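S.K.: dropping a prediction and its sequence here:
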Amino acid sequence: MLKTDAASVMGAAGCEPDHRQERIELAAAFRWTARLNMHEAVANHFSLALSDDGSRFLINPNGRHFSRIRASDLLLLDAGDPATMDRPDAPDPTAWAIHGAMHRNVPQARCVLHVHAKHATVLASLRDSSVPPIDQNTMRFYERIAIDDGFDGMGLGDEGERLSRCIGNHNLLVLGNHGVLVVGATVAQAFDTLYYFERACETLITAYMTGKELRIASDEVARKTAQQWAEYPDLAENHFRELLAILDEEEPDYRS
């Protein structure tokens, strides 16, 4: 979570957090994903764990366009509640299946972002969905991607359980025949990963389209560059802080 004053995260009683800042940051991620055209109609879902064990989490309401989501719109769910889909405001069933499983089973999945972004989905549609290290952005993900090749229809039933096993210790899962799923410790970290992965995929797919031979970096250089990305100070936080500032000027209603 980005730094904020204590009052903004306290409830009316002054002693219980209302998670306002978490709601604001997740709402901002929806707005920016729509601005960058990485959303798909009223499908796709983002979630953010609130409890230490990850079981209580925020997620977007069913049928709401990313560009209209506000902090107060987000649903608060319990990953261990079997009656969730009986609620009058029940989430989309695929959202519950996938995000519920991720928050139950994956310790690093504090924030979970799932989209069908154009270039990531093109990559997921190829027989070989690996990302060769051909530029700095693709090198960021060198040896840091899990690939799911078990697509069995839309994300219902046990699909979420399988995906939560498939991601392992990684923060990014290419969903074969489907799209991409990113997890992170914060909204800022997860969104930064999603942003740069779509950029990396755009470069890779464009390079494939030339039909020319790829200039692939050595394993040594790719690993070095990936580690430099991992150690770069405050990259995600600085990126996301600027995105919040732009929304504050142009779409301040996202905070409401």
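M.R.: Received, thanks.
S.K.: which helix or strand contains the closest residue to I134 other than its chain neighbours?
M.R.: In this structure, I134 finds its nearest non-sequential neighbour in L214, 5.3 Å apart by Cβ to Cβ, 6 or more residues apart in numbering. The C-beta positions use only the backbone N, C-alpha and C, and glycine is treated the same way. Per DSSP states H and E: L214 is located in neither a helix nor a strand.
S.K.: show me the helices in the stretch 151-256 of the chain, by range?
M.R.: Taking DSSP state H, counting those that start in this stretch as the criterion, the stretch 151-256 of the chain contains helices spanning 159-166, 187-210, 219-231, 235-250.
S.K.: mind putting those into JSON lines with distance to A43, mean neighbour count and mean pLDDT?
M.R.: Output for the helices of the stretch 151-256 of the chain, formatted as JSON lines (distance: least, Cβ to Cβ, whole Å; neighbours: other Cβ atoms under 10 Å; pLDDT from 0 to 100):
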{"stretch": "helix 159-166", "distance to A43": "15", "mean neighbour count": "19", "mean pLDDT": "92"}
{"stretch": "helix 187-210", "distance to A43": "16", "mean neighbour count": "20", "mean pLDDT": "98"}
{"stretch": "helix 219-231", "distance to A43": "30", "mean neighbour count": "14", "mean pLDDT": "98"}
{"stretch": "helix 235-250", "distance to A43": "22", "mean neighbour count": "15", "mean pLDDT": "98"}
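S.K.: nearest to L50, of those helices?
M.R.: helix 187-210 (12.0 Å; Cβ to Cβ).
S.K.: so the closest one versus helix 219-231, what angle?
M.R.: Here helix 187-210 points in a direction 150 degrees away from that of helix 219-231 (axes from the mean of the first three to the mean of the last three Cα atoms, to 10 degrees).
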